[in-house]
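1. Fold the following.
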Amino acid sequence: MKALSVLVVEDDAIVGMLLAELLEVMGYDVCAIEVTEADAVAAAIRCRPDLMIVDVQLSNGSGISAVEEILRTRTIPYVIVSGDISEVQALRPGAVLMQKPYRESDIVQAIQSARGAGT
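-> All right, here's what the predicted structure looks like:
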């Protein structure tokens, strides 16, 4: 069985690499780690991931805007990551959210919710 492909969008390079490493240990294939909105959109087109984990705050652009742009081309389950999920809930009601700091169990639960919700 082919591992699910995950696009990680995180402006903090260390956090992005640690998340990618954890996802790979969990059996996922991380197709790209991107830090900007434009690079995230380009990577989604190039990689065609099965799932996206996207931080709200990016160094150049917005994670929410990146998700909206990507979803215009195709439906991909996603998890939005933020230090303050209350703000995100108003912008993306029904989205699967993960609060920073998070644990491995939070990642597992968020991925299961996103894939089950089909967002």
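
2. which stretches of this protein have low pLDDT?
-> Applying pLDDT under 70 to the chain flags residues 1, 117-119.

3. can you map out the helices along this structure?
-> All helices of the chain, identified by DSSP state H, fall at 13-25, 37-47, 63-73, 85-91, 104-117.

4. so which of the ones you listed gets nearest Leu7?
-> helix 37-47 (5.6 Å; Cβ to Cβ). For the C-beta atoms, the positions are set from N, CA and C on the backbone; glycine is no exception.

5. Could you list the buried residues of the closest one?
-> Residues of helix 37-47 classed as buried by neighbour count (16 or more other Cβ atoms under 10 Å): Glu37, Asp39, Ala40, Val41, Ala43, Ala44, Cys47.

6. Report the two of those residues separated the most.
-> Glu37 and Cys47 (15.7 Å).

7. what's the closest non-adjacent residue to the residue nearest the centre of the chain?
-> With distances taken as Cα atoms, centre = their mean, the residue of the chain nearest its centroid is Ile53 (1.1 Å). Of all residues not flanking Ile53 in the chain, Val79 sits nearest, at 4.8 Å (Cβ to Cβ, 6 or more residues apart in numbering).

8. Pretty sure the one you found sits against Ile111.
-> Yes. Under the criterion of Cβ atoms under 8 Å, Val79 makes contact with Ile111 at 6.6 Å.

9. Now do the shared contacts for those two.
-> When contacts are counted by Cβ atoms under 8 Å, 6 or more residues apart in numbering, Val79 and Ile111 are jointly contacted by Leu51, Ile53.

10. more neighbours, the two?
-> More crowded of Val79 and Ile111, by other Cβ atoms under 10 Å: Val79, with 25 against 21.

11. List the contacts of the more buried one.
-> Under the criterion of Cβ under 8 Å, 6+ apart, the neighbours of Val79 are Leu51, Met52, Ile53, Val54, Val96, Leu97, Met98, Ala110, Ile111, Ser113, Ala114.

12. Beta-bridge partners for it, please?
-> Ile53, Val96 (DSSP bridges).

13. ok, now how distant is it from Asn60?
-> Val79 sits 21 Å away from Asn60 when distances are taken as Cβ to Cβ, to the nearest Å.
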